[in-house]
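>>> take this sequence and fold it.
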Amino acid sequence: MLPVKNFIDFIAQNSLFSQQDKVLAAVSGGMDSVVMVHLLKSAGFNFGIAHCNFQLRGDESTGDEQFCRQLAGQFEVPFHHISFDTLKHAADDKVSTQMAARTLRYQWFEQVRQQAGYSVIALAHHQNDAIETILLNLTRGTGIAGLHGILPKNGLLVRPMLFLGRDEIQNAINELEIAYREDSSNASAKYARNKIRLEVIPKLKELNPGLEKTFENNLQRFRELEELLAAKVAELKEKIIVDKGSEAHIPLGDIKALQPQRLLLFNLLQPYGVNETIVDDIIASLNKHSGRTFETAGFRLILDRGKLIITVNNTKPLEETQININDREVNYTNYKMNILHDDSPLIVKNNPMAVSVDTALLIYPLTLRGWQQGDYFFPLGMRGRKKVSDFFIGEKVSLHQKEAIPLVINGNGDVVWIGGYRPDDRYKVTDNTKKVTIFELYKL
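Numbers count the residues shown, from 1 in each chain. Coordinates of the predicted model:
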């Protein structure tokens, strides 16, 4: 039996939309989105169906589109559809297929919403999707915001199925014999989310059969904690940040009194582009002499005479040079760099101005730029992570010198090589390397 009353109650409790709103339902043809369509129809909402054909699974993709078209006809609602050359978009934008598909569908959903006069876009995420998101975030590293999972409402994106677990959706499908399309890629553990769904969550449910309900309660607590933190940070901003026109001042005594210090200072300074590494550096410098400066993309933070001064960074932005996969030579300030690709695992020795790295680990486009506050790497031949600024101190590199040293930055933000000094251990050539890329610097 469809949980229509619970569906209506959840929508009302979270102010997702009303009976007067026109809802655009994103439908893949899979179990979750098909049940959402049946619930929207049974609850009497005014809706249309939007379907994207990403052309990634051949006849399966075509079948999904035909199924969604028939579903719209069955319920006598508008049907909006589009086909994407997803692989071409991924290649052109140099992103993963999944990221390309995500960007394409959300952009198109918003276009349809505006053009056809829909109030909101309904997505069929459910409780298990929220659990998977939290586990992924925890695996990759996250702050409090990453613990609230998938929100019922994010702007004009609404998720009216978050009160249901996957098992409950499956039961409704079985009891009512609702037809749907099975995506064969869902059975593959190739993708991280699938691996969590297929391998991790079943093990957790052995420990706690009521995992979905437990996580539902946890999500509510996490969201409340996030609200509490936001309120505390807003209160602190009013209390300790002094507006000085073009500058903002925070007394160091107030920073030292923050508890918990790192969490609150990070959230206070986050609007100024500060990352956690810079926060750690600021805390470490609180009891040292004045004059320490920290820079972000748009701001400069200076420890001076008992206060942290925050001002707009009007300095000339650091020059950057992009390195594309087919480039063989690029120029950067006073340097020329040659790039060579070789099928043999060559290791460059005795030449600090050249380095060989594992080609398979590079994500293009790369960037050639100077060091920035917060940069870190894993120096080859040394243990653990090290801030680039600390590495320069150890190498006795002067401020003037280090500002001129080019860094090769991978597409994921990693430092691959500090030109003329040290490569990153994560990108070294190993016995498993099939192809190398050699970077060689020449001073002009």
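
>>> which phi and psi does Asp431 have?
When quoted as degrees, to the nearest 10, the phi and psi of Asp431 stand at phi -60, psi -20.

>>> residues near it, how many?
Taking other C-beta atoms under 10 Å as the criterion, the count of residues near Asp431 is 5. For the C-beta atoms, the positions are set from N, CA and C on the backbone; glycine is no exception.

>>> wait, what's in contact with Lys205?
With contacts taken as C-beta atoms under 8 Å, 6 or more residues apart in numbering, Lys205 has the following neighbours: Leu211.

>>> try it again with 10 Å
Neighbouring residues of Lys205 by C-beta atoms under 10 Å, 6 or more residues apart in numbering: Asp167, Leu211, Glu212.

>>> quick check: which element contains the first one?
Using DSSP states H and E, Asp167 sits within helix 166-176.

>>> which among the contacts of Lys205 gets closest to Asp431?
Closest approach between those and Asp431, by C-beta to C-beta: Leu211, at 41.4 Å.

>>> any idea of the pLDDT on the closest one?
Listed pLDDT for Leu211 reads 90.

>>> do Leu2 as well
The per-residue pLDDT reported for Leu2 equals 92.

>>> pretty sure it is touching Leu176, no?
Yes - contact criterion C-beta atoms under 10 Å: Leu2 and Leu176 qualify, at 6.9 Å.

>>> among these two, which residue is more densely surrounded?
Leu2 (16 against 12).

>>> wait, what's in contact with that one?
So, once contact is read as C-beta under 10 Å, 6+ apart, Leu2 ends up touching Val35, His38, Leu39, Lys41, Ser42, Ala43, Ala172, Glu175, Leu176, Ile178.

>>> so where's the stretch 251-400 of the chain uncertain?
290, 314-318, 398-400 (pLDDT under 70).

>>> and the strands in it?
According to DSSP state E, counting those that start in this stretch, the stretch 251-400 of the chain carries its strands in the segments 293-295, 299-304, 307-312, 320-323, 329-332, 335-342, 354-358, 366-369, 376-377, 386-387.

>>> ok, which of these comes nearest Leu265?
Counting by C-beta to C-beta, Leu265 lies closest to strand 307-312 out of the strands of the stretch 251-400 of the chain; the figure is 9.3 Å.

>>> in its sheet, what does that closest one sit against?
strand 247-251 (antiparallel), strand 299-304 (antiparallel) (DSSP bridges).

>>> pick the most buried one from the ones you listed.
strand 299-304 (a mean of 19; mean count of other C-beta atoms under 10 Å).

>>> what does that one rub up against?
Judged by C-beta under 10 Å, 6+ apart, the contacts made with strand 299-304 from elsewhere in the structure are 247-250, 252, 255, 269, 271-274, 278, 281-282, 285-286, 288-295, 308-315, 373.

>>> buried ones from the contacts of Leu2, can you make that a ChimeraX selection?
Taking 16 or more other C-beta atoms under 10 Å as the burial criterion, the selection of buried members of these in ChimeraX is written as:
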select :35,38,39,41,43,172
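
>>> of the contacts of Leu2, which is the nearest to Leu198?
Out of those, the one with the shortest distance to Leu198 is Val35. That distance is 20.5 Å, counting by C-beta to C-beta.

>>> what mean pLDDT does the strand or helix carrying the closest one have?
Element membership for Val35 (DSSP H and E) is helix 31-42. If you average the pLDDT over helix 31-42, you get 97.

>>> and Asp85, how far is that from Val95?
When distance is defined by C-beta to C-beta, to the nearest Å, Asp85 is 14 Å away from Val95.

>>> just the CA coordinates of the helix holding Asp167, formatted as PDB?
Coordinates of each C-alpha in helix 166-176 appear next as PDB, following Å, rounded to 0.1, in the frame of the first residue of the first chain:
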ATOM      1  CA  ARG A 166      14.700   1.600   0.200                       C
ATOM      2  CA  ASP A 167      13.000  -1.500   1.700                       C
ATOM      3  CA  GLU A 168       9.800   0.400   2.100                       C
ATOM      4  CA  ILE A 169       9.900   1.500  -1.500                       C
ATOM      5  CA  GLN A 170      10.600  -2.100  -2.600                       C
ATOM      6  CA  ASN A 171       7.700  -3.400  -0.500                       C
ATOM      7  CA  ALA A 172       5.300  -0.900  -2.200                       C
ATOM      8  CA  ILE A 173       6.600  -1.900  -5.600                       C
ATOM      9  CA  ASN A 174       6.000  -5.600  -4.800                       C
ATOM     10  CA  GLU A 175       2.600  -5.300  -3.200                       C
ATOM     11  CA  LEU A 176       1.100  -3.100  -5.900                       C
END
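
>>> and that helix, what's buried?
Of the residues in helix 166-176, Arg166, Glu168, Ile169, Ala172, Ile173 count as buried by neighbour count, 16+ other C-beta under 10 Å.

>>> next one: stretch 270-289
Counting neighbours by 16+ other C-beta under 10 Å, one finds that the buried residues in stretch 270-289 are Tyr272, Val274, Ile278, Val279, Asp281, Ile282, Ile283, Ser285.

>>> reformat the residues you listed as JSON lines; add distance to Gln107.
Formatted as JSON lines, those follow (distance: C-beta to C-beta, whole Å):
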{"residue": "Tyr272", "distance to Gln107": "30"}
{"residue": "Val274", "distance to Gln107": "30"}
{"residue": "Ile278", "distance to Gln107": "33"}
{"residue": "Val279", "distance to Gln107": "34"}
{"residue": "Asp281", "distance to Gln107": "38"}
{"residue": "Ile282", "distance to Gln107": "38"}
{"residue": "Ile283", "distance to Gln107": "41"}
{"residue": "Ser285", "distance to Gln107": "43"}
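
>>> next step: the residues you listed restricted to helices.
Mapping the buried residues of stretch 270-289 onto helices (DSSP state H) picks out Ile278, Val279, Asp281, Ile282, Ile283, Ser285.

>>> on that earlier part again, out of the buried residues of helix 166-176, who's nearest Pro423?
Lowest distance from Pro423 to the buried residues of helix 166-176 (C-beta to C-beta) belongs to Arg166, with 45.0 Å.

>>> start to end distance for stretch 149-167?
The distance separating the two terminal residues of stretch 149-167, taken as C-alpha to C-alpha, to the nearest Å, comes to 19 Å.

>>> okay but Ser344 is in contact with Lys434, surely?
Yes - because the distance of 9.5 Å satisfies C-beta under 10 Å, Ser344 is recorded as touching Lys434.
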